[in-house]
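Student: Quick one, fold the following:
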Amino acid sequence: MSTVVIKISELRGMNDENVKDLAEFLEKKAGAKVDVTSGEITLNFEKEKKTPSRAHLRVLLRKFLHQAELKEDFRVILGKENVFIIKERKYVEEE
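Tutor: Sure, this is the predicted structure:
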């Protein structure tokens, strides 16, 4: 079984409904078993099924952020092997 972890601690602070929607979106699009814990979503892929590439998973995460109208507030960062991080964007305030 292959596992991918998505760290969502900053997204969870926004709205728990977004986390639930993201889990449902990934389960449907990626075809994986999804487990949600306090600060992360874990995708478990069966051995028989091919695990999507890191690039494809990143596209799915970015697509969700766009559809949920969170693209302006959050971004997807690739972490270590099989880890993605959804971080809040930092804005520079002009004087």
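
Student: Low-confidence stretches in this structure?
Tutor: 1, 12-15, 48-49, 95 (pLDDT under 70).

Student: any chance you could map the strands in it?
Tutor: With DSSP state E as the criterion, the chain has strands at 2-7, 33-36, 40-45, 74-78, 83-88.

Student: List the buried residues for the second one?
Tutor: Same thing as strand 33-36. 34, 36 (16 or more other C-beta atoms under 10 Å). From N, CA and C alone the C-beta is placed, and that goes for glycine too.

Student: Next: the first one.
Tutor: Buried residues in strand 2-7, defined by neighbour count with 16+ other C-beta under 10 Å: 4-7.

Student: Export these to CSV and append columns for distance to residue 40.
Tutor: Output for these, formatted as CSV (distance: C-beta to C-beta, whole Å):
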residue, distance to residue 40
4, 10
5, 5
6, 6
7, 5
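
Student: between those, which is nearest residue 24?
Tutor: Comparing those against residue 24 with C-beta to C-beta places residue 6 closest, at 13.5 Å.

Student: and the closest one, bridged to which residues?
Tutor: residue 41, residue 84 (DSSP bridges).

Student: same deal with residue 36?
Tutor: With DSSP bridges as the rule, residue 36 is bridged to residue 41.

Student: can you pull the contacts of it?
Tutor: By C-beta atoms under 8 Å, 6 or more residues apart in numbering, residue 36 lies in contact with 19-20, 23, 42.

Student: Mind giving me the ChimeraX command for buried ones among those?
Tutor: Buried subset of the contacts of residue 36, written as a ChimeraX selection, criterion 16+ other C-beta under 10 Å:
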select :19,23,42
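
Student: Now flag whichever of the contacts of residue 36 is closest to residue 93.
Tutor: residue 19 (28.3 Å).

Student: ok, now which ones touch that closest one?
Tutor: 8, 11-12, 36, 41 are the contacts of residue 19 under C-beta under 8 Å, 6+ apart.

Student: Now, of those residues, which are buried?
Tutor: 8, 11-12, 36, 41.

Student: which one of the buried residues of strand 2-7 sits closest to residue 80?
Tutor: Closest to residue 80 out of the buried residues of strand 2-7 is residue 5 (9.1 Å), distances taken as C-beta to C-beta.
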